[in-house]
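Peer 1: When you get a sec, could you give me coordinates for this:
(chains A and B)
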There are 2 protein chains.
Amino acid sequence: MTIGLLKEPEGENRVALLPESAKALIQLQVQIIVESRAGEKAYASDKDYEAIGASIHSRAEVLQADLILGIHPPTEEEQLALKDGQVLVCLFQPLSNKKLVERFLDKKITSFSMDNVPRTTRAQAMDVLSSMATVAGYKAVLMAASHSPRFFPMFMTAAGSIIPSKVLILGAGVAGLQAIASARRLGAVVEAFDVRAAAEEEVKSLGAKFVKVEGAKDEASAGGYAVEQSEEYKAKQQALIQEHARKSNIIICTAQIPGRKAPVLITSETVEAMAPGSIIVDLAASTGGNCELTENNQIIEKHGVTIIGDSNLPGTMPTDASKMYGKNMVNFLKLIIGKEGELMLNWEDDIVQNTCVTHQGEIRSERVKNILYPSEIN
Amino acid sequence: MTIGLLKEPEGENRVALLPESAKALIQLQVQIIVESRAGEKAYASDKDYEAIGASIHSRAEVLQADLILGIHPPTEEEQLALKDGQVLVCLFQPLSNKKLVERFLDKKITSFSMDNVPRTTRAQAMDVLSSMATVAGYKAVLMAASHSPRFFPMFMTAAGSIIPSKVLILGAGVAGLQAIASARRLGAVVEAFDVRAAAEEEVKSLGAKFVKVEGAKDEASAGGYAVEQSEEYKAKQQALIQEHARKSNIIICTAQIPGRKAPVLITSETVEAMAPGSIIVDLAASTGGNCELTENNQIIEKHGVTIIGDSNLPGTMPTDASKMYGKNMVNFLKLIIGKEGELMLNWEDDIVQNTCVTHQGEIRSERVKNILYPSEIN
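Peer 2: The predicted structure follows:
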């Protein structure tokens, strides 16, 4: 089988496989063809790929491979030129890209979306959302600290003492927990909020205070994600967050609900009540933001507060983000590549079954089917 | 006595006194007049100054004060309009600003430059160079980590492990030591180099490895600064630094010699030998840089290495930098303000004597006199 590695579109610095991961794949008896300059922005040259046994080709040739790898999917035009039976493994958010899913159904493409990997223990080694959230949580803290007019750590100097920054983290998933850990490393005083009661212990274990709103609806069945809450709960939550936000120098927003608009946790009034010079980093910017004033891919100042709306922080740390993405990719591909380097789709395997979006003109993932075509179910 | 607080020129976010420091001064029975919007970029409003008992005035009025405070000196034109006997306290680098010193001699201005405070234990509370170097060392690490394509800390994840970044710090003065501490906080593996043998213990106490070149000339009499070294020593040093630089992901340059061009420690060849994606932050940029390729106030990429030439990092953290500067300022002013808020110049006090550059048409500081007018001494 040939595996083709795409160069990512302009503005994306990562690559789906660094040479070290490509090397691991070659050991599975597959042939790897790499689009010229695919790894350039992650500091991996064509020569580096050739050195581990891959060959360099044009994009058109890579798009003919039996199995195509990427982070972002190929363009619409390129998708239309794919052939029946070709396999595409990338990260295309099927829940919010129905048209793309329908093209793959039409063209009988076998498509796997890495953001569809189930959030089970066995699948952790392939969980790109967790890997990328780790990068995002770390980078969010660095961005906040870089923009802040204050130190994060406390200082006792000959000229007096500097008090540590107060950081509030909204959402204690992988990104939020990594943000807590990074802000603590830098010496800040950290509080975190999450609707999931289970987050309390994790937050506390990282040395942060847990901001608790009583009466949350919790759903273990949501697969580790947060669920929508009642209006009464939201009002209590809003009041408590406002109270803590006012006292914070930094807020890092990470609360997202898959396939939906992000919950608004920081209103315009809350921003106005914060001290001038405070910083908000909103990782939920691309789905509307947890802060009402966030503008996607913009750094703005409102009421003296700097609001950074950035949902692609992993792209700003391309070497390690690509390394993690590539390792996840290799771990996943091992499930669908047979002993002789052939495609082997084992539908008994829940990871293969749930990560697959389309195959032979049908939607395989129950989650994608339920959300994109709810009427056909009920 | 009236004390005037200047608004800093465009591009400088700090202010010499935040309201909290102005308040401490007012307790010394002086009257404080503040240029309108002086604290704006450090998030202190005119109202904040009025609230602690200062009054807001035009720049022209502030320039009439008995004692004028600032970070940067007033413009040349404004200097020429100052009157005999007015006192100016700011940070004007007299060693590299002979013309300015001569204007102050002509105009019989009493000028104190805060970078001239002796580096003694008693003067630590007024040492703005140390305060600002603390900010610069911390921010240099944040800039390096923000630009790096890799994590600083080690990660053990379900998808494999990420190795920590290797950071090399050149110069272990206040900025260098703070950079070591900050890089260690973020989880990097840190090495540091300094020509001063005394630095070894401090470097090691912060958990970093000391890169040692044998045979350095050390001079305790240099007042804590580094001194020029022999050609043989420099060659050995160059070879050793090149060897360590090649293995580093991050280099932070802090080596400066007051009143001279910064030593070149990282040559073009060294940069070329570093791994693509490496980062150099050069705090010595304004005096030529420790890296041969550094461009002042620019972020450039050469041989795949990002070189950040920035000597005004304190200005990027205006709240805490202004707070520290202001505290240093107040501690110094306490030495020259008498019980009834009057100017009191005690030339017996070595701090007053050495910080003063010009007074009644004469240079007071021996160090400034020796460096600006060496022939008159020898």
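
Peer 1: now the stretch 251-378 of chain A, which segments are flagged as low pLDDT?
Peer 2: The stretch 251-378 of chain A contains residues with pLDDT under 70 at A:376-378.

Peer 1: For it, which segments count as strands?
Peer 2: A:279-282, A:299-302, A:305-309, A:356-359, A:362-363 (DSSP state E, counting those that start in this stretch).

Peer 1: Go ahead and confirm residue A:66 touches residue A:86.
Peer 2: Yes: proximity of residue A:66 to residue A:86 meets the contact threshold set by C-beta atoms under 8 Å, at 6.8 Å. (Each C-beta comes from the backbone N, C-alpha and C, glycine too.)

Peer 1: who's more crowded, those two?
Peer 2: residue A:86 (20 against 17; other C-beta atoms under 10 Å in any protein chain shown).

Peer 1: which residues does that one contact?
Peer 2: Listed by C-beta atoms under 8 Å, 6 or more residues apart in numbering or on different chains, the contact set of residue A:86 reads A:65-68, A:109-110.

Peer 1: among those residues, which ones are buried?
Peer 2: A:65-68, A:109-110 (16 or more other C-beta atoms under 10 Å in any protein chain shown).

Peer 1: among those, which are in helices?
Peer 2: Among the buried ones among the contacts of residue A:86, no residue falls in helices (DSSP state H).

Peer 1: Considering those residues, which is situated nearest to chain B?
Peer 2: Sorting these by distance to chain B puts residue A:67 at the head of the list, at 19.8 Å, by C-beta to the nearest C-beta.

Peer 1: Show the contacting residues for the closest one.
Peer 2: Counting by C-beta under 8 Å, 6+ apart, the residues that residue A:67 touches are A:1-4, A:30, A:86-89, A:333, A:343.

Peer 1: pLDDT score for the residue lying farthest from the centre of chain A?
Peer 2: What lies farthest from the middle of chain A is residue A:158; by C-alpha atoms, centre = their mean that is 43.7 Å. You'll see residue A:158 listed with a pLDDT of 82.

Peer 1: what does the one 5 residues further on give?
Peer 2: According to the predicted model, the pLDDT of residue A:163 comes to 95.

Peer 1: so how far is chain B from the nearest residue to it once chain neighbours are set aside?
Peer 2: With C-beta to C-beta, 6 or more residues apart in numbering or on different chains as the criterion, residue A:163 has its nearest non-adjacent residue at 6.2 Å, and that residue is residue A:154. Look at residue A:154 and chain B: by C-beta to the nearest C-beta, to the nearest Å, they are 11 Å apart.

Peer 1: and what of residue A:343?
Peer 2: Counting by C-beta to the nearest C-beta, the gap from residue A:343 to chain B is 23 Å.

Peer 1: Pull the number of nearby residues for that residue.
Peer 2: 14.

Peer 1: Likewise for the one 10 residues further on?
Peer 2: Here the neighbour count serves as a burial measure; for residue A:353 (other C-beta under 10 Å) it reads 16.

Peer 1: which parts of the stretch 1-150 of chain A sit against chain B?
Peer 2: A:13, A:42-43, A:124-127, A:130-131, A:134-135, A:138-139, A:142-143, A:145-146, A:148-150 (C-beta under 8 Å from any C-beta of the partner chain).

Peer 1: ok, residue A:138 - contacts?
Peer 2: So residue A:138 contacts A:178-179, A:182, A:317, B:151, B:153 (C-beta under 8 Å, 6+ apart).

Peer 1: Mind checking which of the residues you listed are buried?
Peer 2: Using 16+ other C-beta under 10 Å, the buried members of the contacts of residue A:138 are A:178-179, A:182, A:317, B:151, B:153.

Peer 1: Throw these into CSV and include distance to residue B:49 and secondary structure, thanks.
Peer 2: Output for the buried ones among the contacts of residue A:138, formatted as CSV (distance: C-beta to C-beta, whole Å; DSSP: H, G, I helix; E, B strand; the rest coil):
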residue, distance to residue B:49, secondary structure
A:178, 40, helix
A:179, 35, helix
A:182, 36, helix
A:317, 41, coil
B:151, 43, coil
B:153, 42, coil
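
Peer 1: would you list every one of the helices in the stretch 1-150 of chain A?
Peer 2: A:19-26, A:46-51, A:59-62, A:76-80, A:98-106, A:128-147 (DSSP state H, counting those that start in this stretch).

Peer 1: Nearest to residue A:309, out of those helices?
Peer 2: Comparing these by their distance to residue A:309 (C-beta to C-beta), the top pick is helix A:128-147, with 11.0 Å.

Peer 1: what separates that closest one from the chain centre, distance-wise?
Peer 2: The chain centroid and the centroid of helix A:128-147 are separated by 10 Å under C-alpha atoms, centre = their mean, to the nearest Å.

Peer 1: orientation of that helix relative to strand A:305-309 in degrees?
Peer 2: Helix A:128-147 and strand A:305-309 meet at an angle of 150 degrees, taking axes from the mean of the first three to the mean of the last three C-alpha atoms, to 10 degrees as the criterion.

Peer 1: Please pick the buried ones from the contacts of residue A:67.
Peer 2: Looks like the contacts of residue A:67 have A:1-4, A:30, A:86-89, A:333 buried, using 16+ other C-beta under 10 Å.

Peer 1: Contacts only, for the spatially closest residue to residue A:335 that is not a sequence neighbour.
Peer 2: Spatially, and ignoring its direct neighbours in sequence, residue A:335 is nearest to residue A:352 (5.6 Å; C-beta to C-beta, 6+ apart). With contact taken as C-beta under 8 Å, 6+ apart, residue A:352 is in contact with A:335-336, A:345-346.
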